[in-house]
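>>> Have a look; sequence and predicted model below, questions after that.
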2 protein chains.
Amino acid sequence: MTSDKPPTPSVWTRPHPKRTRPALNRERIVAEAVRLLDDEGLESLSMRTLAVRLGTAATSLYRHVTSKDELIELVVDELYGELDVPDPAAEWRAPLAGCARSLRAMILRHPWAASVLGQVGLAELGPNLAHQSARQLALFHAAGFPPGEAERAMDGLLAYVIGMGVSEAAYLSLLVRTGQTEHPRELRDGTFDYGLDRYLDGLQARLAAL
Amino acid sequence: MTSDKPPTPSVWTRPHPKRTRPALNRERIVAEAVRLLDDEGLESLSMRTLAVRLGTAATSLYRHVTSKDELIELVVDELYGELDVPDPAAEWRAPLAGCARSLRAMILRHPWAASVLGQVGLAELGPNLAHQSARQLALFHAAGFPPGEAERAMDGLLAYVIGMGVSEAAYLSLLVRTGQTEHPRELRDGTFDYGLDRYLDGLQARLAAL
DNA sequence: ATCCACTTGCGTACAGTGTTCGCATATGCG
DNA sequence: CGCATATGCGAACACTGTACGCAAGTGGAT
């Protein structure tokens, strides 16, 4: 067993022909964290379980991420990368509604996001959040809101969508916990659209009064 | 040291003259938990630290509360008990705004509530939540919303306030973490009122079209 | 090739968590 | 008094996030 390495190893016996592994890096860690959260939920995310999925040890993760909190911030920014904010158009209402629905869809795709948003909020605005926020703001400017007011109109819309997502995720988890029958998705979509329409109506009235 | 108890102990040497303690019960536990959360924040709440404050052992709490999650649900319902929902009046707008501001004030009084709401949501509607929800719903009925629609209008308003609270709490905790200067309260109140007015305007337009 | 500075993986360990179990004590009731 | 039941709690378990130090790899300068 001592130094039995072949002098000129064939391509096949060489320990790891090309690159041994995709190598551990921040992107891989964050991506796997999102997958783990989708599969198992928020309380199942621990540095150890995540490491097992990545085929490494828990402490290895700390070479690329300084803490679990930072990991969660990175995860949140990753989520914001999933949004696709529509381009501004002649009509402002449809793009804004699309923007809101895209955010809602993201939250429903990752129900644990509601809890995480409460913990970390919009976080230390990572690159994705910064980018998407700028695109969202452009929609409000295109709609005719003056520079100082567009931010407030946008904050209100985001607050509505996030609050709806938080309430809905909590309600769904309650149903799951009590094993109750599921609330039909259509009803929940209807409730969401109702409130969205009211808020957009309010924006419309405001634009008309400008 | 063996059986040296006095045969007829005086009132003063008796171990605990009257009632030894206020006795541990659910109310005292929940009340102290809220106080601990206000003082030290969400991540400082552990069964052990809470027990120390109550002068008992951690495991004693489990005689009155089945788990930490249940404790948090009880805490949330306690918070809802702090709301004071206005009575219905001839004019619907002021009571609704008061209702929203009361909820917002509660969240700002207990900034950790934003994170907790994300975890437990409106929870297994405890008595306080049930009571306040009924009062809130009455405001929408008094405003003229038909039975099926009042719930949706109410859900939208609550979602807006909760989402605003979540975003704001996260933003404030970010400022604290980075040691940055504080965002003046007036500005944040202004942003809140702006969105609130837009939503209420939307409700007004809807009522006019009924 | 040889050294060196530096990065990366990871085994060990520690303090702290929620929670279970079993024992001791208190309490109410016949 | 005697007994059933409720309550307090010390010990222990499985698990968490993370600091530390050692080993192995990497890339450049000599």
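Yep, it's here.
>>> For the most centrally placed residue in chain A, give me its contacts.
The structure's chain A has its C-alpha centroid closest to residue A:79; by C-alpha atoms, centre = their mean the separation is 2.0 Å. With contacts defined as C-beta atoms under 8 Å, 6 or more residues apart in numbering or on different chains, residue A:79 is in contact with A:34, A:106, A:110, A:113. In short, each C-beta sits where N, CA and C put it, glycine included.
>>> Now do the buried residues in the helix or strand encompassing it.
In this structure, residue A:79 is located in helix A:68-80 according to DSSP states H and E. Of the residues in helix A:68-80, those scored as buried under the neighbour-count criterion (16 or more other C-beta atoms under 10 Å in any protein chain shown) are A:70-80.
>>> go on, stretch A:35-52?
Neighbour-count burial for stretch A:35-52 flags A:36-37, A:42, A:45, A:47, A:50-51 (criterion: 16+ other C-beta under 10 Å).
>>> just curious, which of those residues is nearest to DNA strand D?
Relative to DNA strand D, the closest of the buried residues of stretch A:35-52 is residue A:47; by C-beta to the nearest atom of the strand it sits at 3.8 Å.
>>> The closest one contacts residue A:67, doesn't it?
No - look at residue A:47 against residue A:67 with C-beta atoms under 8 Å: they stay out of range, at 9.5 Å.
>>> just to revisit the earlier point, give me the subset of the buried residues of stretch A:35-52 lying in helices.
Taking DSSP state H, the ones among those that sit in helices are A:36-37, A:47, A:50-51.
>>> ok, the residues you listed vs chain B, which is closest?
Compare each of those with chain B using C-beta to the nearest C-beta and the shortest gap goes to residue A:37, at 14.1 Å.
>>> who's in contact with that closest one?
Neighbour list for residue A:37: A:44-45, A:75, A:110, A:112 [criterion: C-beta under 8 Å, 6+ apart].
>>> Let's see that with 7 Å instead.
Contact analysis of residue A:37 by C-beta atoms under 7 Å, 6 or more residues apart in numbering or on different chains lists A:45, A:110, A:112.
>>> is the helix or strand bottoming out on mean pLDDT in chain A anywhere near chain B?
Taking mean pLDDT, DSSP states H and E as the measure, chain A has helix A:113-120 as its least confident helix or strand, at a mean of 81. Yes - contact check for helix A:113-120 against chain B, using C-beta under 7 Å from any C-beta of the partner chain: residues in range are A:114-115, A:117-120.
>>> How about stretch A:130-139?
No - with C-beta under 7 Å from any C-beta as the measure, stretch A:130-139 is seen stopping short of chain B, the closest distance being 12.2 Å.
>>> How far does that stretch sit from its chain's centre?
How far stretch A:130-139 lies from its chain's middle: 16 Å, per C-alpha atoms, centre = their mean, to the nearest Å.
>>> Residues touching it, excluding its own?
For stretch A:130-139, the external contacting residues (C-beta under 7 Å, 6+ apart) are A:80, A:83, A:85, A:88, A:92, A:95-96, A:99, A:150-151, A:154.
>>> Would you mark the buried spots in it?
Neighbour-count burial for stretch A:130-139 flags A:131-133, A:135-139 (criterion: 16+ other C-beta under 10 Å).
>>> Restricted to helices, list those.
A:131-133, A:135-139.
>>> hmm, the helix or strand containing residue A:98 in reach of chain B?
With elements delineated by DSSP H and E, residue A:98 resides in helix A:93-109, which encompasses its position. No - counting by C-beta under 7 Å from any C-beta, chain B is not contacted by helix A:93-109; separation bottoms out at 10.7 Å.
>>> Not counting that helix itself, show me its contacts.
When contacts are defined by C-beta under 7 Å, 6+ apart, helix A:93-109 is touched by residues A:79, A:82-86, A:88-89, A:113-114, A:136, A:139, A:157, A:161, A:164-165, A:169, A:192, A:196, A:200.
>>> Check stretch A:176-195 too.
Contacts to stretch A:176-195, defined as C-beta under 7 Å, 6+ apart, come from residues A:104, A:160, A:164, A:168, A:175, B:152, B:155-156, B:159.
>>> Name the nearest residue to residue A:56, sequence neighbours excluded.
residue A:24 (5.7 Å; C-beta to C-beta, 6 or more residues apart in numbering or on different chains).
>>> same deal with residue A:106?
residue A:82 (5.2 Å).
>>> Kindly indicate whether the one you found is helix, strand or coil.
coil (DSSP: H, G, I helix; E, B strand; the rest coil).
>>> confidence score at it?
Residue A:82 carries a pLDDT score of 96 in this model.
>>> And for residue A:15?
44.
>>> same check, this time on residue A:180
Reported pLDDT for residue A:180: 76.
>>> what kind of secondary structure is it in?
coil.
>>> ok, so what distance separates it from DNA strand C?
Between residue A:180 and DNA strand C the computed distance is 21 Å (C-beta to the nearest atom of the strand, to the nearest Å).
>>> Tell me, how many residues neighbour that residue?
Each residue near residue A:180 was counted by other C-beta atoms under 10 Å in any protein chain shown, and the total is 9.
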